[in-house]
Every structure is written in C-alpha cells, then in structure tokens.
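Enquirer: missing the sequence, but the structure's below:
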DNA sequence: TGCAATTAAGTTGTGCACAACTCGAAGTGG
DNA sequence: CCACTTCGAGTTGTGCACAACTTAATTGCA
C-alpha cells in the first residue's frame, strides 16, 4: 500500500506554486499596462505573428475557445485588438492588433527585464530551468 | 530598447503551461475521487497534520482565505472535513478530517503512482526538477 | 484600563480554466 | 446533391485565484 505523499515531495505542487509565484511577480508590472497575465501572453503571441485565428492562438497558448473567446472580447473592448470573421472560412475568426495594441509593444518588451533584478537568480539558471520544463512538458 | 520576448523564451510561460499540463494529467484520476486539484492538496496537507487552522493551511498551500474559505466549505459540504471555531482564539477556524475524509487516504495515496507510467520520465528526473523549482521559488 | 491597531476568516467582484454544450460553416461519402 | 460528420467559435456553469473589503476577536500600548 502506498504511503501518503507529502506536499513537499510533489513535483505537481512545486510547479503549481512556482507558476503562481511567477505570475504574482509579473502582476504589478502588468497592472501598469492594464493587462492580465494571459492577456500579456496573447500580445506576445501576436507580436510574434499578427493576424492569427483563435484556433492558432489557442494551439500556441494551449487554451481552448472557452477561455480565449471572452478573454479576446475583453481585449477588443479595451481597444488592443480586432476580431473579424475570416473571408475564406466563415468558421474562423482572425485576431489582429490595433494601432493601440501595437503601440504597447515597447512597454510590454520591458516587462521581463526587471523581474529578477534584486535576486541572485542568473540568466543562465532561468534558461536552464525553462529548457528542462519544456523537455519535461514535451514528454508527458 | 528591449526586443520583444517570444513565448518560447519565457520561463514564466513554461511554468504556466507545465503546471496546467500536470493538473490536466491528475484530473481524470481526481475526478474518480470527486476531488479538484486544490482540494486534493488540502487533503494531502491534512494527512500530514490534521486539525490545522485555515491560516496554517493557507501558509502551506500559499492560498489566502478568499480562495480557501469557499473551497473548504465545499469540502465540508462533501463530508470530507469539519470546520470549527477555535476555543482559545475565536478568530480562528480549525479544519479536521471526518472519518469519510480520512478513509480516502489510501485512494489519494495511489494517485501520483500511475501518472508517468507510460512515459519515459524517470523518478530521478522528477525529483531533480522539483528540487530546482523549490530552490528557484525560495530565491524569488 | 481603554481604545486604536492588528489579525483571522469570510464576502464580493473580476478574470481565468475547463467541461459540456450550441450553432453555423465546411468537408465527405454515397 | 444531400445527409452526415467534422470543425471553429462562442455560451453556460463550476471552481479556483486574488484584490478589496467587512466583521468580529485579540493584542498592544499610552
């Protein structure tokens, strides 16, 4: 019979609390831009490639339409992006940055910079941890 | 001027998506027990030490009363635990397992076992990643 | 001792996540 | 050509997270 696992031993809890701690670090910076963390991710995705469909965004961010539809609606209401039905496939909705959304690019790019300034966390450590997580994610 | 970071490069996004992927793996197993992931964490915490206050649970799980109060209420409604005002400090609420909650211990302990059975992820790799995350978390 | 400050839990409101579902559009085989 | 299936987006309902606030109990100090 299995012994009760402790919270301490659980990778899942470590991921869960580290993820929340990270987004908590981002929050004050994103508040200044009027963004939530998932909204920030949507902007990053659109800065990489603008004019993608909801489905394509969902694949990159691993979010379904139940999450993305209302989120994109809020961002459209905030004037950051535009949603238009695709002409060649009326099922799809194309998401494009507005001028206002594009104008945020510089300020958004500044966000990750100051996150670890007052810690002893190194760039190499961050890159290594990220690589390990991506490798792990790809294998489960 | 900072270049726009890509999603790919972001540790935060790696944490965020890995965390969601892990809880998605737990979900079908927890569904069988009628538990959500945070509820499962509360049970683990109580199996470690029963009869703790809401505040103490919140410190271990890093959750505030705004999250825990309704969550514990649902678990109490499900018959898994009991909430009672502390006698020596009427501000505190002590959370204790019911017989039904304690009886789940065996089945809860079985949950992490099968998670990586059909992958090539090793126990050592899991332990190493967890240790790195905990170290990282402690330093930010 | 009295009372202002602090503390613990709970409430309210917003925004994700995600399951389950609806709806209309697009592919598909007979 | 048409029923049938699949597909993309959106809606509904539940349960976290978390900020901001309320309430009641306790603490601390002038």
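Expert: Yes, it's here. On a predicted model such as this, the values are computed, not experimentally measured, just so you know.
Enquirer: any weak-confidence spans in chain A?
Expert: A:1-2, A:8 (pLDDT under 70).
Enquirer: stretch A:100-108 near DNA strand C at all?
Expert: No. Judged by Cβ under 7 Å from any atom of the strand, stretch A:100-108 makes no contact with DNA strand C; its nearest approach is 14.6 Å. C-betas here are computed from N, CA, C, even on glycine.
Enquirer: go through that stretch and flag the buried ones.
Expert: A:101, A:102, A:104, A:105, A:108 (16 or more other Cβ atoms under 10 Å in any protein chain shown).
Enquirer: what sits against the third one?
Expert: The neighbours of residue A:104, taking Cβ atoms under 8 Å, 6 or more residues apart in numbering or on different chains as the test, are A:33, A:43, A:80.
Enquirer: so which residue is dead centre in chain A?
Expert: Taking Cα atoms, centre = their mean, the centroid of chain A lies closest to residue A:41, which sits 2.9 Å from it.
Enquirer: helix, strand or coil for it?
Expert: What DSSP: H, G, I helix; E, B strand; the rest coil gives for residue A:41 is helix.
Enquirer: for it, what are its contacts?
Expert: A:61, B:7, B:13, B:16.
Enquirer: most neighbours of all the contacts of residue A:104, which one?
Expert: residue A:80 (23 neighbours; other Cβ atoms under 10 Å in any protein chain shown).
Enquirer: just the helices in chain A please.
Expert: All helices of chain A, identified by DSSP state H, fall at A:11-33, A:37-48, A:54-61, A:65-77, A:99-103, A:105-110, A:123-139.
Enquirer: pipe these into CSV and attach distance to residue B:29 per row.
Expert: Listed next are the helices of chain A as CSV, based on distance: least, Cβ to Cβ, whole Å:
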stretch, distance to residue B:29
helix A:11-33, 11
helix A:37-48, 26
helix A:54-61, 25
helix A:65-77, 22
helix A:99-103, 40
helix A:105-110, 38
helix A:123-139, 19
